[in-house]
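**Student:** sequence first, predicted model second:
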There are 2 protein chains.
Amino acid sequence: MDLSSFSSIFLLFLFAFTLAEVGSVPTYFPGIYQSSLKKNGKTVKPKIPFRSHYFPQVLDHFTFQPKSYKIFYQKYLINSQYWHKGAPIFVYTGNEGDIDWFADNTGFMLDIAPKFHALLVFIEHRFYGESMPFGKHSYRSAKTLGYLNSQQALADYAVLIRSLKHNLSSEASPVVVFGGSYGGMLAAWFRLKYPHIAIGALASSAPILQFDDITPWSSFYDAVSQDYRDVSLNCYEVIKGSWAELNSISASDEEGLSELSRDFRACKKVSTIYSVRDWLWEAFVYTAMVNYPTEANFMMPLPAYPVEKMCKIIDGFSPGATKLSRAFAAASLYYNYSQTEKCFKLEDETDAHGLHGWNWQACTEMVMPMVVSNESMFPPSSFSYKEYVDDCVKQYGVMPRPHWITTEFGGTRIEQVLKRFGGNIIFSNGLQDPWSRGSVLKNISSSIVALVTEKGAHHADLRSATRKDPDWLVNQRKQEVEIIQKWISEYNLESL
Amino acid sequence: MDLSSFSSIFLLFLFAFTLAEVGSVPTYFPGIYQSSLKKNGKTVKPKIPFRSHYFPQVLDHFTFQPKSYKIFYQKYLINSQYWHKGAPIFVYTGNEGDIDWFADNTGFMLDIAPKFHALLVFIEHRFYGESMPFGKHSYRSAKTLGYLNSQQALADYAVLIRSLKHNLSSEASPVVVFGGSYGGMLAAWFRLKYPHIAIGALASSAPILQFDDITPWSSFYDAVSQDYRDVSLNCYEVIKGSWAELNSISASDEEGLSELSRDFRACKKVSTIYSVRDWLWEAFVYTAMVNYPTEANFMMPLPAYPVEKMCKIIDGFSPGATKLSRAFAAASLYYNYSQTEKCFKLEDETDAHGLHGWNWQACTEMVMPMVVSNESMFPPSSFSYKEYVDDCVKQYGVMPRPHWITTEFGGTRIEQVLKRFGGNIIFSNGLQDPWSRGSVLKNISSSIVALVTEKGAHHADLRSATRKDPDWLVNQRKQEVEIIQKWISEYNLESL
């Protein structure tokens, strides 16, 4: 089986399955995140203690054509309740989605703001949320989308921060950038490319090494599988075996599809088994990513240690149950922990026409090749760069630049390159998170450090503290605060 | 008098004089450099031991529109006679002109190549020399010129170097970048932005601090004046007094202009005194820049220590001579040291329509405000940003981005920013060179160091060694070699 996966950074997690044998066309998962903000079709804004602002931003920082100067309004959020002039500014470098949602899920910054008297700023990434350079036409074609990329985003942040400091008459305030996932990559890169603007970066769950051949292509799905196997070998084996049961239903077997739809409580009869496969796949991957030690509602409302709970469901079945029915029951935890779903939209095509920003990014610069190895609990698959390219050309009319990220930001031999270069970056990771495999897991120098927790998940450290947080998480955050405090002290000392 | 100066990095040194009182329009000096390659209207290529190559380069690295993918052919020069696989690669990051000419004037790299077994690569800057993205239409308008800027140039270098190493199967070769003047700025910025590609940079006479208000705006012309005053107070005073004599000729005084033209041996009668002023001005500024300790032919053929020679001419006149006639005689040294000119083209408009690449760069990102103080030997003038903008809008239809360079590359409080960040950069400067005032003149850290010579001029260190080189120059180059050797040793040690 050949599978080329457009693996996105978590939120807008997209797969392009090209199953050569069955001739199915690529399936793009719609961004989970977009749907997570919607209830009954209506967008629900989280309640956050921030004020929205809009910054007149330049469309193209790197060319000087007349149209490069076009202005669009970039949204950013401010909380100044703890701040006084000269005190630090903590900036979240927004990722692929609505900035309100990231603010809502990055309570850590709000938690530590009083201690630092910090101003909090969350900047929305261009082409996401309300920050649309061409309004509703922003996603029309490669002509408009062409301006959606990480370098332009970083330059946006640089220009905005500089202007903000100027307007606040607080040019001397040290700026620390924070980010999780793709936002964490941006935070780390921002510190590396704009050291004159940010004195340090906390890059949480930032897989900056998931490009080219730096990290083994199988590592992501191996890591997901390990999460389940570590909990229960049976659980891993049941999931691993469920795909064959699913594949036994042939494409023309209408009765089989009807039965499958019934078994999976589909709101509408599914047209292909691949919808079901993707639906399961998504549940297992995302649950591994958000395998938090406390109840949380990041992608979906989930209990503490949801992988454990899923495996408990699988292991609790009577011996006669099919593997597929157990996999379904486990996945239901992900989709319906809150017990509000009467049926499942297995072929939900919400947002199918439009706002797949990450899909565009994956088709241009964010090429992260992935394969599924035989050791994984997912159906083995390889990566075909040719098919990847064909899909991108078909969808957008542009070719990916698969080596661009490592050319622009590096990554190869990062320990050697950054050993004597740069500084003040924390790479925090939880090993439950499959993205951790593509991140920095070892200290590079005395001030480019890795904080790794065995039981942590996708930027768990950035979430608000809760009373139920385990010691290792409390401790990880404490270390982060201490390191940031050190950066600021050094900065203040050297500013005298 | 109000004067807004488009001060370019040396080669294409452009002034925009806006003399409000007399209502004259801005005058842009054509690039000296272009004319320096021409003899009797024909372009003369220097003889250099390099082979020309052409790399298929991407037009726009920072957008992904279909047209961003357009390929142009970027020229680069290779000398591999001392190299073997795995040995270092020394790259010159080309500046605003034909790369052959920089190769011809950067003999230092050729001199030290055998010691390092280094591969030498000189990469031409986009939109200069033969590296024209839109062929002969490259300079047509802001639509094409929009792609001419420093970030795109740096990305070109990154892509080309990476590809070159790959094609040579020598990925592990350490790369050191070299550059002088604007090329030195690019070398320093390249090391800062692409540490994963270059292990170090020798940035000679690189005024990376000549932006915004980092360096006093008067420093450049104060430095030029100091060069002359240090040689002879009388020389300085004669030049300083000559402008008033010139100004005494009114615009309508046809006889006065005829006489002036005769006195200045003009090939054609001048139409305004400002041509004469600019002609003198250029001679004094460039001679200060290239005040080398040995005979050289960089901008023009000149004797050793040409400022001294000019002042000797001025000081040698009989007391009755006018200041203007002495200034003319001094300037003649610059324009006619080789004694080949029968008359002077004071209003030479060579290249008036076209290839003013630096002019474009000055109108977009390279905004280096300059004023002439009362202490200078030039007519005092202020800087009007409004007029600067008006000129740029008039000429190209685009607004400058005066804070962009410091936003993208920093510069403000550089000692503090780079004290704990980066490394392996040599900023070499000679204090005779007025551009040195906008460069880094003090060590920032143990590996970001300043090598300053009191008697050095514009990247004197990058020129070929000669038998007549003074000890301080020999010593400066020796230090550079030792430092580069240290970078390479460290790199090799850490690669084991």
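**Tutor:** Received the coordinates, thanks.
**Student:** surely A:Val371 touches A:Thr215?
**Tutor:** No - using CB atoms under 8 Å, A:Val371 and A:Thr215 do not qualify as a contacting pair, with a distance of 11.6 Å. Glycine gets a C-beta too; all of them are placed from N, C-alpha and C.
**Student:** which residues do these two both contact?
**Tutor:** Taking CB atoms under 8 Å, 6 or more residues apart in numbering or on different chains as the contact rule, A:Val371 and A:Thr215 touch no residue in common.
**Student:** low-confidence regions, the stretch 201-350 of chain A specifically.
**Tutor:** Scanning the stretch 201-350 of chain A for pLDDT under 70 picks out the ranges A:348-350.
**Student:** and the helices in it?
**Tutor:** Under the criterion DSSP state H, counting those that start in this stretch, helices of the stretch 201-350 of chain A are mapped to A:219-231, A:233-247, A:254-263, A:273-289, A:306-315, A:323-336.
**Student:** wait, A:Leu462 sits on A:Ala187?
**Tutor:** No - the pair A:Leu462 and A:Ala187 does not pass the contact test of CB under 8 Å, sitting 10.6 Å apart.
**Student:** the helices of the stretch 201-350 of chain A: which one's closest to chain B?
**Tutor:** Evaluated over these, closeness to chain B peaks at helix A:219-231, with 21.1 Å, by CB to the nearest CB.
**Student:** from the contact counts, what lies against that closest one?
**Tutor:** Of the remaining helices and strands, those touching helix A:219-231 by 3 or more CB pairs under 8 Å, 6 or more residues apart in numbering or on different chains; DSSP states H and E are helix A:233-247, helix A:273-289, helix A:306-315.
**Student:** now for the closest residue to A:Ser258 other than its chain neighbours, how many residues are close by?
**Tutor:** Once flanking residues are discounted, A:Ser258 sits nearest to A:Lys269: 6.1 Å by CB to CB, 6 or more residues apart in numbering or on different chains. The burial count assigned to A:Lys269 is 13, neighbours taken as other CB atoms under 10 Å in any protein chain shown.
**Student:** quick one: A:Lys269 from A:Tyr334, how far?
**Tutor:** A:Lys269 sits 22 Å away from A:Tyr334, going by CB to CB, to the nearest Å.
**Student:** with A:Gly316 instead?
**Tutor:** With the distance defined as CB to CB, A:Gly316 ends up 17 Å from A:Tyr334.
**Student:** looking at those two now, which is surrounded by more residues?
**Tutor:** Under the neighbour definition other CB under 10 Å, A:Gly316 and A:Tyr334 were set side by side, and A:Tyr334 has more, 23 against 10.
**Student:** so who does the nearest residue to the more buried one once chain neighbours are set aside touch?
**Tutor:** For A:Tyr334, ignoring the flanking residues on the chain, the nearest one in space by CB to CB, 6+ apart is A:Ala283 at 3.9 Å. Residues in contact with A:Ala283, defined by CB under 8 Å, 6+ apart, are A:330-331, A:333-335.
**Student:** A:Pro174 now?
**Tutor:** Listed by CB under 8 Å, 6+ apart, the contact set of A:Pro174 reads A:88-89, A:199, A:487-488, A:491-492.
**Student:** ok, which of those also contact chain B?
**Tutor:** Filtering the contacts of A:Pro174 for proximity to chain B by CB under 8 Å from any CB of the partner chain leaves A:Tyr491.
**Student:** among the contacts of A:Pro174, which ones are buried?
**Tutor:** Among the contacts of A:Pro174, those scoring as buried are A:88-89, A:199, A:487-488, A:491 (criterion: 16 or more other CB atoms under 10 Å in any protein chain shown).
**Student:** check these and tell me the two furthest apart.
**Tutor:** When CB to CB is used, the two most widely separated members of the buried ones among the contacts of A:Pro174 are A:Ile89 and A:Trp487, lying 12.8 Å apart.
**Student:** out of the contacts of A:Ala283, who's nearest A:Gly422?
**Tutor:** When these are compared for distance to A:Gly422, the smallest value, 38.4 Å, is given by A:Tyr334; criterion: CB to CB.
**Student:** would you agree the closest one is in contact with A:Tyr286?
**Tutor:** Yes - because the distance of 6.5 Å satisfies CB under 8 Å, A:Tyr334 is recorded as touching A:Tyr286.
**Student:** what sits in contact with each of the two?
**Tutor:** The contact sets of A:Tyr334 and A:Tyr286 overlap at A:Met300 (CB under 8 Å, 6+ apart).
**Student:** so how far is stretch A:269-285 off the chain centroid?
**Tutor:** In terms of CA atoms, centre = their mean, to the nearest Å, the centre of stretch A:269-285 is set 20 Å apart from its chain centre.
**Student:** and the nearest residue to A:Gly397 once chain neighbours are set aside, how many neighbours?
**Tutor:** Distance criterion CB to CB, 6+ apart; nearest residue to A:Gly397, sequence neighbours excluded, is A:Ala142 at 5.3 Å. By the measure other CB under 10 Å, the count of residues near A:Ala142 is 22.
**Student:** touching, A:Ala142 and B:Phe64? I think so.
**Tutor:** Yes - under the criterion of CB under 8 Å, A:Ala142 makes contact with B:Phe64 at 6.5 Å.
**Student:** can you show me the strands along the stretch 301-450 of chain A?
**Tutor:** For the stretch 301-450 of chain A, applying DSSP state E, counting those that start in this stretch gives strands covering A:301-302, A:425-430, A:448-453.
**Student:** can you check the stretch 51-200 of chain A too?
**Tutor:** With strands called from DSSP E, counting those that start in this stretch, the stretch 51-200 of chain A shows them at A:51-58, A:71-79, A:89-93, A:119-123, A:175-180, A:200-204.
**Student:** which positions in the stretch 151-300 of chain A make contact with chain B?
**Tutor:** By the criterion of CB under 8 Å from any CB, the positions of the stretch 151-300 of chain A lying close to chain B are A:151-152, A:155, A:158-159, A:162, A:192-197.
**Student:** what is the nearest of the residues you listed to chain B?
**Tutor:** When those are compared for distance to chain B (CB to the nearest CB), A:His196 wins out at 3.0 Å.
**Student:** that closest one and A:Leu164: what is the separation?
**Tutor:** Counting by CB to CB, the gap from A:His196 to A:Leu164 is 15 Å.
**Student:** now swap in A:Ala266 and tell me
**Tutor:** 49 Å.
**Student:** now the strands of the stretch 51-200 of chain A in TSV, with distance to A:His356?
**Tutor:** Conversion of the strands of the stretch 51-200 of chain A to TSV gives the following (distance: least, CB to CB, whole Å):
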stretch	distance to A:His356
strand A:51-58	22
strand A:71-79	19
strand A:89-93	21
strand A:119-123	21
strand A:175-180	20
strand A:200-204	24
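**Student:** of all the ones you listed, which one is nearest B:Gly94?
**Tutor:** Per CB to CB, nearest to B:Gly94 of the strands of the stretch 51-200 of chain A: strand A:51-58, 27.2 Å.
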